[in-house]
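> Give me a model of this one.
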Amino acid sequence: MICLCNILVYQVALPQKKKITQGISGTVLWRSGNLMPSPDVKVTNPKGSPIAREILIYELTSSNQTEPADDAGFYRKINSKFIQKITTNKAGRFKVTLPAGYYSLFTKEDKGLYANLFDDAMNINPVQVRKGKWEKIEIIIDYAAVY
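Numbers count the residues shown, from 1 in each chain. Purely as a prediction, here's the structure:
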């Protein structure tokens, strides 16, 4: 006796977990020259120009966790945990996925690592990444500018 049985196969679509990502996205801008407002001088590009740069991301870093270079805003060495290095595109844009947390961002320049913003606790160029959120920022490189 031969049994010919129909076998039905059902595919069950299981709900997939949404991959929630978070991180930092933004633009690096270069400012140089005389940006001091005055009636005699017209500032042609006060916002700055997009520029390609390497960005080094460290865990949140306070000023006492660094070895400053000779010029203000520059650092020879960062003594906090290195997280990641990224490179912007030619338009200065970048996007990097990071775990939720607090970070400090530096750009790589000929004179060293550069960052010129501090919070009230003297943390250097701090950025907070929240779970499931993208933090949009502008990094301003302005050591060649006069205000």
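> and the helix or strand hosting residue 144, how far from the chain's centre?
If you go by DSSP states H and E, residue 144 is part of strand 134-146. Put simply, strand 134-146 sits 10 Å off its chain's centre (Cα atoms, centre = their mean, to the nearest Å).
> Using PDB, write down the CA coordinates of it.
C-alpha atoms of strand 134-146 as PDB (Å, rounded to 0.1, in the frame of the first residue of the first chain):
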ATOM      1  CA  TRP A 134      21.100  60.500  16.100                       C
ATOM      2  CA  GLU A 135      22.900  63.500  17.500                       C
ATOM      3  CA  LYS A 136      23.500  66.100  14.700                       C
ATOM      4  CA  ILE A 137      26.500  68.400  15.200                       C
ATOM      5  CA  GLU A 138      28.800  70.800  13.500                       C
ATOM      6  CA  ILE A 139      32.500  70.700  14.300                       C
ATOM      7  CA  ILE A 140      34.100  74.100  13.700                       C
ATOM      8  CA  ILE A 141      37.800  74.200  13.000                       C
ATOM      9  CA  ASP A 142      38.700  77.900  13.500                       C
ATOM     10  CA  TYR A 143      42.300  78.200  14.800                       C
ATOM     11  CA  ALA A 144      43.100  80.200  11.700                       C
ATOM     12  CA  ALA A 145      40.200  82.700  12.300                       C
ATOM     13  CA  VAL A 146      40.200  86.000  14.100                       C
END
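> So what are the sheet partners of that strand and their directions?
Strand 134-146 sits in its sheet next to strand 23-34 (parallel), going by DSSP bridges.
> For the strand it pairs with, give me every contacting residue.
Residues outside strand 23-34 that contact it (Cβ atoms under 8 Å, 6 or more residues apart in numbering): 41, 43, 45-53, 55, 57, 88, 91-98, 103, 105, 107, 127, 129, 134-142, 144-146. C-beta: built from backbone N, CA, C; applies to glycine.
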